[in-house]
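Asks: Need a 3D model of the following:
(4 chains)
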Number of protein chains: 2
Amino acid sequence: MRAEATSVSDARLRAFVGYNMKRAMNVLQADLARTLQPFGLRMLTFSTLSMIVENPGLRPSQLAEALLIERANMVVYVDQLEQAGWVTRAPNPLDRRAHALHCTEAGACVYDQARAAVEAHDRRMLDGLRADEVATVRKALGRIEVGS
Amino acid sequence: MRAEATSVSDARLRAFVGYNMKRAMNVLQADLARTLQPFGLRMLTFSTLSMIVENPGLRPSQLAEALLIERANMVVYVDQLEQAGWVTRAPNPLDRRAHALHCTEAGACVYDQARAAVEAHDRRMLDGLRADEVATVRKALGRIEVGS
DNA sequence: TATTGTTATACTCTATAACTATA
DNA sequence: TATAGTTATAGAGTATAACAATA
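Replies: The predicted structure is shown next:
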């Protein structure tokens, strides 16, 4: 027997777009984690690998700035990619404090495969939405990101 | 002198709506945390308090299910609200395993004030968007939440 | 047997301070 | 002095297993 038969409502919270966005983000994040797990990647290590593949030679601090991640935390993600053999830290002759990040052949290979899976994941998340609706969502997300 | 003058691009990641949503959610979360800090609340303790105010007498397990949070984690949030004197755990005579959650007068008071601040925060996040655009965003978030 | 609340634990993400070696 | 990479640490969110009391 249930102690409370009365229905539970989150209607007041549903009024907040932020609340709906948090719930959607939880679902999206869990689905993306499942998508990337077979590749040995997570959302942040995938993003990091993507940036290194697409911007060969960039420095960790540039990477952290672009991904809105603290430099201190970026170290860990690059560590994990380096230990997996997908990324290298090369000394930078122009500035001996800096490192130049490059992906390996294995890194480029896993990136191509993971990227295809993430593309399918992204399409799944947007399934049933028209192109103009997706554009509106992008616009709204962009405004939230720069505003605040 | 900068070691790398070449520009860094996250254009490939920008193609993913999930990436844009993650960035927007980070900004939104940080802004909401700043909004709730003066009240001694965080996103999850505010959501929990809201549910208890709007659904007096509900059980922690119902609360966890409604907020998509594990029961084990819910315990901590109710603990914090109880220690602040905003929520009470009453024994449930119908089921001695269960607790009935109620807010105190102080809890209802801080909720009213925090809720007004969260409403202002939510409006700020959506500033510049038309009503039909907000509706589209809600629709998209709803599809992502139930889909997956 | 199943459920409720709970404890313990682990992993992830985020944020800050401080150190070193360079510039 | 300022910056790049790093280490250490703490707070917060998430997830699972397991236990005692109760149904």
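
Asks: Spatially central residue in chain A, please.
Replies: residue A:43 (4.0 Å; CA atoms, centre = their mean).

Asks: what's near enough to touch that residue?
Replies: A:29, A:32, A:33, A:36, B:22 (CB atoms under 8 Å, 6 or more residues apart in numbering or on different chains). From N, CA and C alone the C-beta is placed, and that goes for glycine too.

Asks: Apply 6 Å and report the result again.
Replies: residue A:32 (CB atoms under 6 Å, 6 or more residues apart in numbering or on different chains).

Asks: So which residues make contact with stretch A:123-135?
Replies: Here stretch A:123-135 has contacts from A:28, B:136, B:140, B:143, B:144, using CB under 6 Å, 6+ apart.

Asks: Return the residues of chain A in contact with DNA strand D.
Replies: A:1, A:22, A:26, A:30, A:59-62, A:71-75, A:78-79, A:89, A:95, A:97-99 (CB under 7 Å from any atom of the strand).

Asks: Run through the strands of chain A in chain order.
Replies: A:87-91, A:99-103 (DSSP state E).

Asks: For the ones you listed, give me JSON lines that also has mean pLDDT.
Replies: Putting these into JSON lines (pLDDT from 0 to 100) gives the following:
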{"stretch": "strand A:87-91", "mean pLDDT": "97"}
{"stretch": "strand A:99-103", "mean pLDDT": "98"}
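
Asks: ranking those by burial, who's on top?
Replies: strand A:99-103 (a mean of 20; mean count of other CB atoms under 10 Å in any protein chain shown).

Asks: Quickly run through the sheet partners of that one, with directions.
Replies: Using DSSP bridges, strand A:99-103 pairs in its sheet with strand A:87-91 (antiparallel).

Asks: Enumerate every residue touching residue A:99.
Replies: Residue A:99 touches residue A:89, counting by CB under 6 Å, 6+ apart.

Asks: Also residue A:119?
Replies: Residue A:119 neighbours (CB under 6 Å, 6+ apart): none.

Asks: Which of the strands of chain A sits closest to DNA strand C?
Replies: strand A:87-91 (9.8 Å; CB to the nearest atom of the strand).

Asks: That closest one close to DNA strand C?
Replies: No - if you take CB under 7 Å from any atom of the strand as the test, strand A:87-91 misses DNA strand C, and the best it gets is 9.8 Å.

Asks: mind listing the helices in chain A by residue range?
Replies: Assigned by DSSP state H, the helices in chain A fall at A:11-14, A:17-36, A:43-54, A:60-66, A:71-83, A:105-125, A:131-146.

Asks: If we go by neighbour counts, what in the last one is buried?
Replies: When you say that, I think you mean helix A:131-146. A:133, A:136, A:137, A:138, A:139, A:140, A:141, A:143, A:144, A:145 (16 or more other CB atoms under 10 Å in any protein chain shown).
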